[in-house]
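Peer 1: What would the 3D arrangement of this be:
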Amino acid sequence: MLLKGGAFPACNAAVAVGESQVNCRFSGSIRRPIGNPSSIPCNRVRKPQFLRVTSVATGEAKSKPQEPSYQPSLADRLRLGSLTEDGLSYKEKFIVRCYEVGLNKTATVETIANLLQEVGCNHAQNVGFSTDGFATTPTMRKLHLIWVTARMHIEIYKYPAWSDVVEIETWCQSEGRIGTRRDWILKDYANGEVIGRATSKWVMMNQDTRRLQKVSDDVRDEYLVFCPKTLRLSFPEANNASLKKIAKLDDPAQHSKVGLVPRRADLDMNQHVNNVTYIGWVLESIPQEIIDTHELQTITLDYRRECQQNDVVDSLTTPELIVDNTVSELQTTNGTPNAAKDENECLQFLHLLRLSNDGSEINRGRTEWRKKKPAKR
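Peer 2: Numbers count the residues shown, from 1 in each chain. You can find the predicted model right below:
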């Protein structure tokens, strides 16, 4: 359920055509090139239950708020994100920070995964869902239910560099009776180029018992109103890599890193190790010579069980034979990946994360790596 006036686009400016200045309370916080003030984009969701803001400038008239009244937070107004025109997906722009890049001054895969998580949570907040959990609906909070990741698939065709601006679009849909799915498309905001795509599956867990639970009709009704009415996939190609099953890695593995321990900072508000931490653990057992000569282009993770603060984890890696080296071109509005695979330069690995004490499987994964391009001088 969305409270009236509970979703605002990220534009709360009153623009007067022909005036020399844009009358915006936060005009000094977010700088953008402005030619004609009247040309500033403002993507509002034109739905009757949303409260429109006619002005935020001090001293100007405002539309009378509806009951229950809602005021957007400071974060709402400063985020560079908003619902799309149809209200069924959400777009947000991010600047790549210096602490989000690696040795080659491009964003790490953990940075990409964190941005995907952030834009998904901001989408949920934008439509009025809770700020005290990962996209929990009112019914979920009453029943102490949370969303947990079951599967994550990320493809990166070009890594954004320090100070690049990335625009990410996301939307969610139903995924059978036991969960939901969320998809993303990443673009270079400077030229509109698709630089990555991702998809994920989420299941519902009882926060007290830590047991999985089916998605009830009440919960489904609360979030489906904000989902596309027809199936929309970030990977619409038949037999795409996001659909491939991951075989369990046979022990002994060729490469391993044992004794990994969660840090306090690895725990999230769901009282377990956050899903992005698993990516770093998987990469810990990749041989250094691969890191030196290749870059990650695809990662798929199947999450099998939770990991808690006191667990000790082993990361195992073994090369996998590549069967299919082709990348289908997209003939849809989702864009076309411009990074083709070369059988002589692409490497593929299977991964396993397990508990050190009893060997219980935590996560299984697959990664694909492409040859690094020579650095520009």
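
Peer 1: okay, now Leu243: neighbour count?
Peer 2: Neighbour count for Leu243, taken as other CB atoms under 10 Å: 12. For glycine as for every other residue, the C-beta is placed from the backbone atoms N, C-alpha and C.

Peer 1: quick one: contacts for the nearest residue to it once chain neighbours are set aside?
Peer 2: Closest residue to Leu243 apart from its sequence neighbours, by CB to CB, 6 or more residues apart in numbering: Phe235 at 7.8 Å. By CB atoms under 8 Å, 6 or more residues apart in numbering, the contact set of Phe235 is His153, Glu155, Asp183, Arg197, Thr199, Ala241, Ser242, Leu243.

Peer 1: So what does the last one look like in phi/psi?
Peer 2: Torsion angles at Leu243 (phi, psi; degrees, to the nearest 10) stand at phi -90, psi -10.

Peer 1: follow-up on the earlier one: for Leu88, state which of the contacts of Phe235 is nearest.
Peer 2: Asp183 (11.9 Å; CB to CB).

Peer 1: measure that closest one to Ile154 for me?
Peer 2: Separation of Asp183 from Ile154 (CB to CB, to the nearest Å): 11 Å.

Peer 1: Flag the shaky bits of the stretch 51-200 of the chain, pLDDT-wise.
Peer 2: 51-71, 130-133 (pLDDT under 70).

Peer 1: mind listing the helices in it by residue range?
Peer 2: For the stretch 51-200 of the chain, the helices defined by DSSP state H, counting those that start in this stretch cover 74-78, 109-126, 138-142.

Peer 1: Who does the helix or strand harbouring Thr318 pair with, and is each partner parallel or antiparallel?
Peer 2: Of the helices and strands defined by DSSP states H and E, Thr318 is found in strand 313-319. Taking DSSP bridges as the criterion, strand 313-319 pairs within the sheet with strand 255-260 (antiparallel), strand 347-355 (antiparallel).

Peer 1: Return the set of buried residues in the first one.
Peer 2: For strand 255-260, a neighbour-count test (16 or more other CB atoms under 10 Å) marks His255, Lys257, Leu260 as buried.

Peer 1: and if you look at the last one?
Peer 2: Of the residues in strand 347-355, those scored as buried under the neighbour-count criterion (16+ other CB under 10 Å) are Leu347, Gln348, Phe349, Leu350, His351, Leu352, Leu353, Arg354.

Peer 1: Name whatever forms a beta bridge with the fifth one.
Peer 2: I take that to be His351. Thr317, Gly365.

Peer 1: That one is in contact with Thr367, isn't it?
Peer 2: Yes - with contacts counted by CB atoms under 8 Å, His351 reaches Thr367, the gap being 6.7 Å.

Peer 1: Report the set of residues contacting both of the two.
Peer 2: Counting by CB under 8 Å, 6+ apart, the residues touching both His351 and Thr367 are Val282.

Peer 1: Just say helix, strand or coil for Glu306.
Peer 2: At Glu306 the chain is in coil, as set by DSSP: H, G, I helix; E, B strand; the rest coil.

Peer 1: how many neighbours does the nearest residue to it once chain neighbours are set aside have?
Peer 2: Nearest residue to Glu306 in three dimensions, chain neighbours excluded: His272, at 4.5 Å (CB to CB, 6+ apart). His272: 21 surrounding residues under other CB under 10 Å.

Peer 1: quick one: His272 and Arg211, what's the gap?
Peer 2: Separation of His272 from Arg211 (CB to CB): 14 Å.

Peer 1: cool, and Ile246?
Peer 2: For Ile246, the distance to Arg211 - CB to CB - is 24 Å.

Peer 1: Ok, Cys227 next?
Peer 2: Taking CB to CB, one finds Cys227 at 26 Å from Arg211.

Peer 1: Look at those two and report which has more neighbours.
Peer 2: Shown here are Cys227 and Arg211; by other CB under 10 Å, Cys227 has more neighbours (19 against 8).

Peer 1: Leaving out chain neighbours, which residue sits closest to that one?
Peer 2: Nearest non-adjacent residue to Cys227 (CB to CB, 6+ apart): Gln173, at 5.0 Å.

Peer 1: quick one, what contacts that neighbour?
Peer 2: Contacts of Gln173 by CB under 8 Å, 6+ apart are Thr180, Arg181, Arg182, Asp183, Cys227, Pro228, Leu231, Arg232.

Peer 1: All set, thanks.
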